[in-house]
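Peer 1: Show me the folded form of this:
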Amino acid sequence: MSATIKCPDELKQSIINDLSGVPSNTNLSLIELLKLINADETDVSIEETPEGLYIDFPGGEIYGFTLNYVFAVTNVFSKLKRKYPNIGIFGICCCYETVSGTTIGPLFHCEPSDKALRVVEKWQQCAVCGEVLETDTFYNSSRWDFGEGEEFCLCSPECMRAYLENGYTFILNTNHLWTEEQEEAYYDDKLTIEEFLKQMLESSELH
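Peer 2: Numbers count the residues shown, from 1 in each chain. Below you'll find the model as predicted:
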């Protein structure tokens, strides 16, 4: 997972020091949080860019106190915004919890003019165009409905059509749009996700 920070050049080194725990700032250190998931400091990288900083940190399938780690990362960036009010942040800390099979983790962002970091637990990413959305979409993944499964959705009829025509292999899950009969057909291997999406696209007034 990653986050980008928009900040002036004069703040870059101070922010890098904070996130790295230098000299001893564990309150804002991402490095300190790696103990929760049995990772080490080489799993965090901070790169200077013309706009600010790009921070890469562990996500996806990790092992350890996953939920604690996810919200600890979010808290670090929230505290960072309080310390440096004029910075902008956009990040996602999304992890796959292997025991329950659940994808957890928020989207967090703020503009330099905002007073605080905004944390969004219900978000989706389009499987085709990659756009990250905080709103309902043309086809939701089950994560939007239940907090389970992959985070991918299809944001528009155009992306659904591209998904069907170009053979994308991202995992999409059933959701509230499915009828009981469709659910039964799917679990009996009589209906595929692709077949259902095609039916939905053909019946939509939006295409």
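Peer 1: and the helix or strand of the chain with the lowest mean pLDDT, what other elements does it pack with?
Peer 2: Across the helices and strands of the chain, mean confidence by mean pLDDT, DSSP states H and E is lowest for helix 142-146: a mean of 75. Applying 3 or more Cβ pairs under 8 Å, 6 or more residues apart in numbering; DSSP states H and E, we find helix 142-146 packed against no helix or strand. (Each C-beta comes from the backbone N, C-alpha and C, glycine too.)
Peer 1: Pull the residues that contact the next helix-or-strand element following that helix.
Peer 2: Using DSSP states H and E, the next helix or strand after helix 142-146 towards the C-terminus is strand 152-153. Contacts to strand 152-153, defined as Cβ atoms under 8 Å, 6 or more residues apart in numbering, come from residues 124-127, 133, 137-141, 144, 170-172.
Peer 1: What average pLDDT does strand 152-153 get?
Peer 2: In this model, strand 152-153 carries a mean pLDDT of 88.
Peer 1: Off-centre distance for that strand?
Peer 2: Computed by Cα atoms, centre = their mean, to the nearest Å, the chain-centroid distance of strand 152-153 equals 11 Å.
Peer 1: let's number from 856 now, not from 1
Peer 2: From this message on, residue numbering opens at 856, which makes the last subject strand 1007-1008.
Peer 1: So in that sheet, which strands flank it, and in what orientation?
Peer 2: Applying DSSP bridges, strand 1007-1008 is found paired with strand 979-981 (parallel).
Peer 1: buried residues in the partner strand?
Peer 2: Gln979, Gln980, Cys981 (16 or more other Cβ atoms under 10 Å).
Peer 1: now stretch 908-918
Peer 2: Leu908, Ile910, Phe912, Pro913, Gly914, Ile917.
Peer 1: measure it end to end?
Peer 2: With Cα to Cα, to the nearest Å applied, stretch 908-918 spans 27 Å between its terminal residues.
Peer 1: what sits up against that stretch?
Peer 2: The contact list for stretch 908-918 (Cβ under 8 Å, 6+ apart) reads 856-860, 862, 867, 870-871, 874, 885, 889, 892-894, 898-902, 924, 928, 946-951, 953, 960.
Peer 1: In helices only, show me those residues.
Peer 2: In helices, defined here by DSSP state H, the members of the contacts of stretch 908-918 are Lys867, Ile870, Ile871, Leu874, Leu885, Tyr924, Val928.
Peer 1: For these, which entry has the maximal number of neighbours?
Peer 2: Counting neighbours by other Cβ atoms under 10 Å, Val928 leads the ones in helices among the contacts of stretch 908-918 with 26 neighbours.
Peer 1: Right, I'll call it a day here.
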